[in-house]
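Chemist: The amino acid sequence is not available; the structure is as follows:
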């Protein structure tokens, strides 16, 4: 494929250079039809499974072909770069807008969890368009340029820069699609270079502009036929965002226009341009939005870390460190007579080890998660449930409970006796529960409270039948 592209490009460039004026139009028109053919063939063969982005690009190629039909001498006759505001100028700008829609659609598929990627692509366009316009395009526009034509050229530069930004951003995450992305990126760079070269050579030959544009068409044609082309619109598993937020874009976006203005002030040979204030007005809200997204990402990360620091990863209950801290707080509140009573329940599962031994640790994890849900459902909203580790759980009742500690323990034991279905099998477990109660003036600290609950739990466990095998799994359809 690469050899075919190189050979076809060399043949097209050479043929255009050697041909006469009339034949050059034929050579150029033939080059513009190649990407339409490859795009339609790739879509028709089902090679490009995600059709919408590629169809948008194909529609853009159709617009370019329409412009070539309406004005076949537009590029060979060196009308590109004059900013005349013709119909063909409008058609070309519209075609590139369709390319932007296609690439932005592909980027959105990769960046569903990374909206900052879309903003970074927009910032690329805004940062790149300003210097190109102020230093290369604007000062060299000829007398044929009209306000509408200048606006179309500026819009085209902005759109092409945004297309390049989208392609680059896709390449950050879609590493396996970098082959076709390289061709698409080269096509965009060549098209953007044509805009600049056509203005710089507006009073000279159009051969360079036409040859670069043909190369852009042929480069674009190679992208969809590569084997990895479908990956351009298919996010890779586990890669939805770039590893590091590209803060450099924000600095470039904020500095680009002031640097241009400083250079113009030093040169002092050009009147002030309205492009700088307009683009700055666009850049500022985009940068603020990017900062807002970064701040939101940081807040989410902090909330995640805080949750992980206080909660058990498997069950979602409070972990040992947090529950011990809350016991200390409850005991202190008891001493200050802010609470009338504190009750601590330690729960050790009976029959859990056979579940792990016979069904595996994954089934054991499902049992622990079911236990966590049942424990949470048996207590009040102000009470706390935690996992100490393994199959040991703790319940902290803050304040007097209508059913009392023994009543809550009975409800927990009843809830845990209900069968649990895991991996197509029903198992039964139980729990040994030890209860300890403290009240104002009792003088019980955290360690004493836990010690009493632990001792009561072992007494309850000793009274249980020794047949832990009652947790033996039975088929769902059988008796339980």
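Modeler: Okay, I see it. Note that this is a predicted model, so its numbers are computed, not measured.

Chemist: Let me know whether residue 375 touches residue 347 as I believe.
Modeler: Yes - if you go by CB atoms under 8 Å, residue 375 and residue 347 touch, sitting 7.3 Å apart. No exception for glycine: its C-beta is placed from N, CA and C like everyone else's.

Chemist: Mind listing the shared neighbours of the two?
Modeler: 393, 395, 412 (CB atoms under 8 Å, 6 or more residues apart in numbering).

Chemist: Now, those that are in strands?
Modeler: Applying DSSP state E to the shared contacts of residue 375 and residue 347, the entries found in strands are 393, 395.

Chemist: what packs against the helix or strand harbouring residue 367?
Modeler: Under the criterion DSSP states H and E, the helix or strand holding residue 367 is helix 361-378. On a contact count with 3 or more CB pairs under 8 Å, 6 or more residues apart in numbering; DSSP states H and E, helix 361-378 meets helix 352-359, strand 384-389, strand 392-398, helix 404-417, strand 420-422.

Chemist: And the longest one, what's buried?
Modeler: In this case it means helix 404-417. The neighbour-count check on helix 404-417 (16 or more other CB atoms under 10 Å) flags 405, 408-409, 412-413, 416 as buried.

Chemist: Would you enumerate the residues in contact with residue 369?
Modeler: So residue 369 contacts 314-315 (CB under 8 Å, 6+ apart).

Chemist: and it, how far is that from residue 422?
Modeler: 10 Å (CB to CB, to the nearest Å).

Chemist: swap in residue 329?
Modeler: 36 Å.

Chemist: ok, now residue 7?
Modeler: Distance from residue 7 to residue 422, by CB to CB: 63 Å.

Chemist: count of neighbours near residue 175?
Modeler: Using other CB atoms under 10 Å, residue 175 is surrounded by 11 other residues.

Chemist: Which neighbouring elements make contact with the host helix or strand of residue 436?
Modeler: Element membership of residue 436 [criterion: DSSP H and E] is strand 430-438. With contacts taken as 3+ CB pairs under 8 Å, 6+ apart, strand 430-438 sits against strand 342-350, helix 404-417, helix 446-463.

Chemist: Just the mean pLDDT for the second one, thanks.
Modeler: So the one you mean is helix 404-417. Across helix 404-417, pLDDT averages out at 89.

Chemist: With the longest one instead?
Modeler: pLDDT averaged over helix 446-463 equals 89, rounded to a whole number.

Chemist: and it, what other elements does it pack with?
Modeler: Helix 446-463 packs on helix 320-335, strand 342-350, strand 430-438, going by 3+ CB pairs under 8 Å, 6+ apart.

Chemist: Now do residue 173 against residue 100, distance only.
Modeler: 19 Å.

Chemist: between those two, who's got more neighbours?
Modeler: residue 100 (24 against 20).

Chemist: State whether that one and residue 165 are indeed in contact, as I suppose.
Modeler: No - contact criterion CB under 8 Å: residue 100 and residue 165 do not qualify, at 9.6 Å.

Chemist: wait, which of the helices and strands packed on helix 361-378 is closest to residue 335?
Modeler: strand 392-398 (13.8 Å; CB to CB).

Chemist: since we're on residue 383, how many residues are nearby?
Modeler: Residue 383: 18 neighbours (other CB under 10 Å).

Chemist: And it, its phi and psi?
Modeler: Dihedral pair for residue 383: phi -80, psi 160, per degrees, to the nearest 10.

Chemist: how about the helices and strands packed on helix 361-378, which one is nearest residue 292?
Modeler: Of all the helices and strands packed on helix 361-378, strand 384-389 comes closest under CB to CB, at 35.3 Å.

Chemist: Return the set of buried residues in that closest one.
Modeler: Buried, per 16+ other CB under 10 Å, within strand 384-389: 384-388.

Chemist: Please apply the same query to stretch 73-91.
Modeler: 73-76, 78-86, 88-91.

Chemist: Stretch 217-235 - what's its average pLDDT?
Modeler: On average, stretch 217-235 scores 90.

Chemist: now that stretch, how far from the centre of its chain.
Modeler: 22 Å (CA atoms, centre = their mean, to the nearest Å).

Chemist: Which helix or strand in this structure has the lowest average pLDDT?
Modeler: One helix or strand of the chain scores below all others by mean pLDDT, DSSP states H and E: strand 474-475, with a mean of 36.

Chemist: which ones are touching residue 103?
Modeler: Counting by CB under 8 Å, 6+ apart, residue 103 has contacts 53, 57, 163, 166-167, 170, 184.

Chemist: tell me the SS of it?
Modeler: helix (DSSP: H, G, I helix; E, B strand; the rest coil).

Chemist: And it, how far from residue 233?
Modeler: 10 Å.

Chemist: Repeat that for residue 178.
Modeler: On the measure of CB to CB, residue 178 and residue 233 end up 14 Å apart.

Chemist: quick one on the thing from earlier: mutual contacts of residue 103 and residue 233, please.
Modeler: In contact with both residue 103 and residue 233: residue 53, using CB under 8 Å, 6+ apart.

Chemist: Give me the more crowded residue out of residue 329 and residue 422.
Modeler: Between residue 329 and residue 422, counted using other CB under 10 Å, the more crowded position is residue 422 (19 against 14).

Chemist: now that one: how far from residue 428?
Modeler: Residue 422 is 11 Å from residue 428, by CB to CB.

Chemist: Could you break the protein into its assigned domains?
Modeler: 2-235+246-306, 320-475 (automatic domain parsing).

Chemist: can you tell which of those domains is closest to residue 313?
Modeler: Among the domains of the chain, if distance is taken as CB to CB, the winner is domain 320-475, at 9.8 Å.
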